[in-house]
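S.K.: predicted structure and sequence below. I'll ask about it afterward.
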Amino acid sequence: MCGRPGSLVVDEEGIELLDIEAAQDAAARSLVDMARDALRRNSGDSISHNLAIEVRDVAGPLLQAKFTVAADRPLR
């Protein structure tokens, strides 16, 4: 999933996972994909994005995984 900076993207469909460890692993993999997309979209001198994924079940939140990606290009 990819949204513009500062946006919230809701996955209405979701996926079923075996346990909390599998959910944490899936969240980590998704954060890596989101970070890669953010860096690829960057066309300026620097970039910084705070990324987060909330994993929920029918009862509510189970965990939140957060990641900050930043890249600075030196001035030449």
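M.R.: Yep, it's here.

S.K.: confidence score at the residue minimising distance to the centre of the chain?
M.R.: Central residue of the chain (C-alpha atoms, centre = their mean): residue 31, 3.5 Å from the mean position. With respect to pLDDT, residue 31 scores 92.

S.K.: who's in contact with the host helix or strand of it?
M.R.: Element membership of residue 31, judged by DSSP states H and E, is helix 20-41. Residues from elsewhere that reach helix 20-41, judged by C-beta atoms under 8 Å, 6 or more residues apart in numbering: 1-2, 5, 15, 17, 47, 49, 51, 53, 55, 62-63, 65, 67, 69, 71. Every residue, glycine included, has its C-beta placed from N, CA and C.

S.K.: number of residues surrounding residue 61?
M.R.: 9 (other C-beta atoms under 10 Å).

S.K.: hang on, I meant residue 53
M.R.: Residue 53: 21 neighbours (other C-beta under 10 Å).

S.K.: any idea how far residue 37 is from residue 47?
M.R.: As judged by C-beta to C-beta, to the nearest Å, residue 47 and residue 37 stand 11 Å apart.

S.K.: equivalent analysis for residue 28, please.
M.R.: 15 Å.

S.K.: can you check residue 54 too?
M.R.: Taking C-beta to C-beta, one finds residue 54 at 18 Å from residue 37.

S.K.: one more: residue 11?
M.R.: Taken as C-beta to C-beta, the span from residue 11 to residue 37 is 15 Å.
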